[in-house]
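J.: I would like to see how this sequence folds:
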Amino acid sequence: MASVSPRTNRSGSITWRVSFRIGNKQCQENFDNETGAYQFASLVEKVGGDAARNVRKHRSGRPDDMPTLREYTEKYLDPESGLITGIEPGTRAGYMSNAERSFLQVLGDYPLSAITKADVGKWVAWQESQDSTINKGKTISAKTMKNYHSGLSAVLKSAVEEGIIPNNVAFRTRLSKGIKHEGVFLSRTDFATLLHFTDDRYKRFLLFLAGTGCRWGEATAVTWGDINFDVQPPTIRIDKAWKKSATGAPVLKHPKSSRAVRTISLWDELVTALGEPGNSDELVFPSPESGTHLWPGTFRSRVWLPAVAKAMDEEECATIGAKPLTKRPTVHDLRHTHASWLVASGAPLPFVQARMGHESITTTIGVYGHLLPDAHIQMADMMSQTMSGVLPLQGELEA
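T.: Got it, this is the predicted structure:
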């Protein structure tokens, strides 16, 4: 623990003292202003007294042209710097938010030249112990930790390329496996139960998500003109998605990647459920209240969570003779569910990759490969053939 206290000098001026411990030793650092004292105390809490003192030493003696990690991160993400291109303003803002909630909390005040591999390791240990901002009561997921580390490594790599520092000390930092939040794969009956408890105005939207595997931003951007009713089977063209702008407002942009631009086949029952087509530029799934873009936060709180709660409630499910859900799905899990149904039905993984819009087949295999229906049977048969006769042979050798 670090404590901050004011001290009145003989001249009447006030200085600020930070008291903390390094091991069993009581230590102190003095500051001319309160802000600096509390910033130092916060740093002590995060990285320890030794590291905090090291940061202060490097800051006081750093060259005038040596930026701190926070200063350089802001420059790196500034579109006018030209250091990172090809990303949307909303994505830049998201990167900066991630940096502020992760590595800048611990390393932000370090001059770039003062950051060591050990400092990065201390940040990793601190970060992996933090609570998830999404899954309350759990630590952050392995994927989130990887994203945070990738952000830090990208910033330091840019500083190396600019000749500011000699090497990227975050490169190849070992991360713990952490908690991997697995997707929830719903069975057909699970989905039917969830659909039953969903507000009628949104049932066709859930059918579309589970029936196409589209991402939220893609599905909510679909217009009637994107659907081709004149072919058999009918198809839908995914070539745009809602994304956040720098202000947080949604803007229509290209999908996540080049492979995310794709054509998805539909089936007659889903087409019927969509209803009578509107004008070609009208959204297929507008908000029933406003008639405009369907907001994820509003949908989650007002539609999704109430439906999931009922679908997991034994008494509610008993009224319709259904078994309650045993896992709590997210809206995105309907995308996982769609892919799992395809894989379980024997669809080749390259077909699944194309339909889902995955940039790489390794993503498809990594997430859904374990669901291949015949994989375990085939491998067991292979080992049966390979190992056939081994036990009798062992008996002969022992004899």
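
J.: chain center to the helix or strand harbouring residue 251: distance?
T.: Taking DSSP states H and E as the definition, residue 251 sits inside strand 250-253. How far strand 250-253 lies from its chain's middle: 20 Å, per Cα atoms, centre = their mean, to the nearest Å.

J.: and for that strand, what are the contacting residues?
T.: For strand 250-253, the surrounding residues in contact (Cβ atoms under 8 Å, 6 or more residues apart in numbering) are 88, 90, 221, 240-245, 293. From N, CA and C alone the C-beta is placed, and that goes for glycine too.

J.: neighbouring strands for it, and are they parallel or not?
T.: Here strand 250-253 has these sheet partners by DSSP bridges: strand 241-244 (antiparallel).

J.: Okay, now the unreliable bits of the stretch 251-399 of the chain?
T.: 361, 363-399 (pLDDT under 70).

J.: secondary structure element for the most centrally placed residue in the chain?
T.: In the chain, the C-alpha nearest the mean C-alpha coordinate belongs to residue 144, at 5.4 Å (Cα atoms, centre = their mean). Element membership for residue 144 (DSSP H and E) is helix 142-161.

J.: Give me the contact list for the very next helix or strand once past that helix.
T.: Downstream of helix 142-161, the next assigned helix or strand under DSSP H and E is helix 188-196. Residues from elsewhere that reach helix 188-196, judged by Cβ under 8 Å, 6+ apart: 186, 203, 206-207, 210, 307-308, 311, 317, 320, 322-325, 329, 334, 337, 341.

J.: Give the buried residues for helix 188-196.
T.: Residues of helix 188-196 classed as buried by neighbour count (16 or more other Cβ atoms under 10 Å): 190-191, 193-194, 196.

J.: next helix or strand past that helix?
T.: Next in sequence after helix 188-196, counting helices and strands by DSSP H and E, comes helix 203-212.

J.: gap between the helix or strand just after that following helix and the chain center?
T.: Toward the C-terminus, helix 203-212 is succeeded by helix 216-219 as the next helix or strand (DSSP H and E). When distances are taken as Cα atoms, centre = their mean, helix 216-219 is centred 16 Å away from the chain's centroid.

J.: Touching helix 216-219 from outside, list them.
T.: Residues external to helix 216-219 that are found in contact with it (Cβ under 8 Å, 6+ apart): 205, 208-209, 212, 238, 240-243, 255, 260, 285, 296, 331-332, 357.

J.: hmm, back to that, was I right about the residue nearest to the centre of the chain contacting residue 132?
T.: Yes. Taking contacts as Cβ atoms under 8 Å, residue 144 lies within contact range of residue 132: 7.2 Å.

J.: tell me, what's touching the two both at once?
T.: Counting by Cβ under 8 Å, 6+ apart, nothing touches both residue 144 and residue 132.

J.: returning to what we had before: which among the contacts of helix 188-196 count as buried?
T.: Applying 16+ other Cβ under 10 Å to the contacts of helix 188-196 flags 186, 206-207, 210, 307-308, 311, 317, 322, 325, 329, 334, 337, 341 as buried.

J.: Could you identify the most distant pair in those residues?
T.: Pairwise distances across those (Cβ to Cβ) peak at 21.6 Å, for the pair 317 and 341.

J.: sorry, back to before: sort out for me which of the contacts of helix 188-196 are in helices.
T.: 203, 206-207, 210, 307-308, 311, 317, 334, 337, 341 (DSSP state H).

J.: quick check, nearest of these to residue 52?
T.: Nearest to residue 52 out of those is residue 308 (Cβ to Cβ; 44.7 Å).
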